[in-house]
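[1] dropping a prediction and its sequence here:
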Amino acid sequence: MKKKLDKNNTLIFQKNYPYLSQKKSTKPYQSLLGIGGNIGDVRRRFNHLFVHVQRSSFVDVVETSPILKNPPFGYLEQDYFYNALIIVKTCLRPKALLRYILRIEKKFGRKCSFPDAPRTLDIDMIFYEQEVIKSKELTVPHPHWNERTSVIIPLVHMQTKM
């Protein structure tokens with residue numbers, strides 16, 4: 001099902017997006033992950049990603065947002081992006097979670113040749129608990145998250161609060 005929000009943004013509801021777990025996680029930390037892509041069958045890739053993450057012993061999927069189809073920013077000469085959010089509970093601390101995310105991107109064939117370029121899959125750590133981290137490898141909260149429709153619109157449609 002699709003819901004057109006305006007001339008540029010469309011919400012897409014499909015299997016696993018949105019999703020709300022009925023199980024209570026015992027993992028101690030919560031993180032909000034942003035996922036996106038605009039190369040290939042991104043919606044199918046998101047479903048494969050959901051299954052992969054759900055089977056992981058490192059994270060429990062708490063909730064996912066609907067998928068937002070929205071225009072690119074930065075480099076504009078590319079296709080629209082599909083974006084969604086995933087809230088996970090994890091036993092991993094921030095830098096270990098980042099390494100886990102990077103391994104997933106690699107497994108899913110991430111390709112991105114320059115900043116804001118077209119990509120197969122991008123996973124960003126938007127929040128990790130209430131922590132503020134500024135290192136060369138990781139910045140949390142994710143820079144400018146509150147200015148990006150790719151985060152704000154899906155976040156409005158989620159029940160779990162960070």
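    Great, that's in hand.

[2] how close does residue 78 get to residue 38?
    6 Å (CB to CB, to the nearest Å). Heads up, the C-betas are built off the backbone N, CA and C, glycines and all.

[3] repeat that for residue 130.
    31 Å.

[4] and residue 93, by the same measure?
    31 Å.

[5] comparing these two, which shows the higher neighbour count?
    residue 38 (20 against 13; other CB atoms under 10 Å).

[6] hmm, residue 87 is touching residue 63, no?
    Yes. Taking contacts as CB atoms under 8 Å, residue 87 lies within contact range of residue 63: 4.6 Å.

[7] between these two, which one's more packed in?
    residue 87 (26 against 17).

[8] mind listing what residue 120 touches?
    37, 39, 40, 42, 45, 108, 109, 110, 111, 112 (CB atoms under 8 Å, 6 or more residues apart in numbering).

[9] repeat that for residue 130.
    By CB under 8 Å, 6+ apart, residue 130 has no neighbours at all.

[10] tell me how far it lies from residue 152.
    Counting by CB to CB, the gap from residue 130 to residue 152 is 19 Å.

[11] which SS class is the nearest residue to residue 114 once chain neighbours are set aside?
    Once flanking residues are discounted, residue 114 sits nearest to residue 75: 7.5 Å by CB to CB, 6 or more residues apart in numbering. Under DSSP: H, G, I helix; E, B strand; the rest coil, the three-state class of residue 75 is coil.
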